[in-house]
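Novice: Can you look at this prediction? I've put the sequence above it.
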Amino acid sequence: MIVVLKKNPEKKQMQNLISWVENLGLKVHLSEGTNSTIVGLVGDTSKVDIELVRTLDIVESVTRVQEPYKNANRKFHPQDTVVDVSGHKFGGVNFQIIAGPCSVESEKQLIGIAEAVKKAGATLLRGGAFKPRTSPYSFQGMGVDGLKLLKKAKAETGMPIVSEIMSEEHIDDFEDVDVLQVGARNMQNFDLLKKLGKLKKPILLKRGIAATIEEWLMSAEYIMSEGNPNVILCERGIRTYETYTRNTLDLSAIPVLKERTHLPVIVDPSHALGISRFVKPMSLAAVGAGADGLIIEVHNDPTHALCDGAQSLRPEQFEDVVKSVERMLPVVGKELG
Ligand code: PEP
Ligand code: MN
């Protein structure tokens, strides 16, 4: 339920309203903009007498929210949410490019790639230490040692780091990781989502392999309802009947999400198509569709990569993508950095 207050509501009356609904067992989500104040009510709102609320002096209007996601709903928070990662902002007029290898393989590999992507214009470094592989016989990642190398790369380049967390057991190991990625396969690992909701760290929530937009937003809701508002959504392609690409990049999800949620949305063209030569056109298409950023796999030697070589760009190819993206950003009113 959304209660829109009149301009400059009397603080005491506003506090009375909030205490009253909290006593009914509901959670309150307050959004104070320059022109209006919105009190979002989350929980079993059947207990709230909507007519009574309408009669209050400070209340402009009251509406029920049909969608099952509340905290993530744009109706609760009309302005774009901006998630700040050490000064790099996701959302609003800001655009970020996260780049790096699918998986951390060695110090030489990671530091070399980190320096190259930074020089090319990347703003954050990615690297998987715990890898969700389809086969248990494939390389599973370097684990905690991989996180240590990421930390080293962060110290050497100054770039914040993004890495996938697969289990709540590892939360303490991720202390120095700036953005915790929840991979497609874990989008509905509700216990993990709830635990991440107790942190304040930004969470990069990838879309599940066959998830609807609503299911995806409900996963964001799991994190937000526990108190962590710092969620960045990532469209990474969904499974369809198409076989010429690894997945099908659902770019239509971007404008749909922009209407439905205030959360930032980025695109992963590497996992979406699975083929390096298609990363550039789809990166540009993502910018055109209104994305707030990109996450791109880059490897110094893609043919020998331990994971996802076919979709990884070499640093000079990545640099070319960044240059084109930068040329396009003014058209959509965004800025890299
Ligand atoms: C990844 O980012 O390396 C990854 C495994 O992504 P996804 O969960 O989208 O498959
Ligand atoms: Mn990968």
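Specialist: Thanks, I have the structure now. Numbering: from 1, shown residues only. Ligands and ions are numbered 1, 2, ... in the order given.
Novice: buried sites along stretch 286-297?
Specialist: A286, V287, A289, G290, A291, D292, G293, L294, I295, I296, E297 (16 or more other Cβ atoms under 10 Å). The way it works is simple: take the backbone N, C-alpha and C, and place the C-beta from them, glycine included.
Novice: From those residues, which land in strands?
Specialist: Assigned to strands by DSSP state E, the following of the buried residues of stretch 286-297 qualify: G293, L294, I295, I296, E297.
Novice: Kindly reformat the residues you listed as CSV containing distance to D308 and pLDDT.
Specialist: Shown next, in CSV, are these (distance: Cβ to Cβ, whole Å; pLDDT from 0 to 100):
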residue, distance to D308, pLDDT
G293, 19, 98
L294, 16, 99
I295, 12, 99
I296, 11, 99
E297, 6, 98
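Novice: and which of these is nearest S270?
Specialist: S270 lies nearest to E297 out of these, by Cβ to Cβ, at 4.1 Å.
Novice: Could you pull up the residues touching the one residue in the stretch 101-250 of the chain that gets nearest to ligand 1?
Specialist: The nearest approach of the stretch 101-250 of the chain to ligand 1 comes at G183, 2.9 Å away (Cβ to the nearest ligand atom). G183 is in contact with P132, E164, M166, K206, counting by Cβ atoms under 8 Å, 6 or more residues apart in numbering.
Novice: same check, this time on E235
Specialist: 207, 249-251, 253-254, 265-268, 272, 286, 291.
Novice: Recalculate using a threshold of 10 Å.
Specialist: Applying Cβ atoms under 10 Å, 6 or more residues apart in numbering to E235 gives the contacts 206-207, 213, 216, 249-254, 257, 265-269, 271-272, 286, 289, 291.
Novice: So how do I select the buried members of those residues in PyMOL?
Specialist: Typed into PyMOL, the line below selects the buried ones among the contacts of E235, using 16+ other Cβ under 10 Å:
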select buried, resi 206+207+213+216+249+250+251+253+254+257+265+266+267+268+269+271+272+286+289+291
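Novice: Sitting in strands, which of the contacts of E235 do you find?
Specialist: With DSSP E as the criterion, strands contain K206, V265, I266, V267 from among those.
Novice: so the first one bridges to which residues?
Specialist: When assigned by DSSP bridges, K206 has beta-bridge partners C234.
Novice: and the gap between it and P315?
Specialist: 24 Å (Cβ to Cβ, to the nearest Å).
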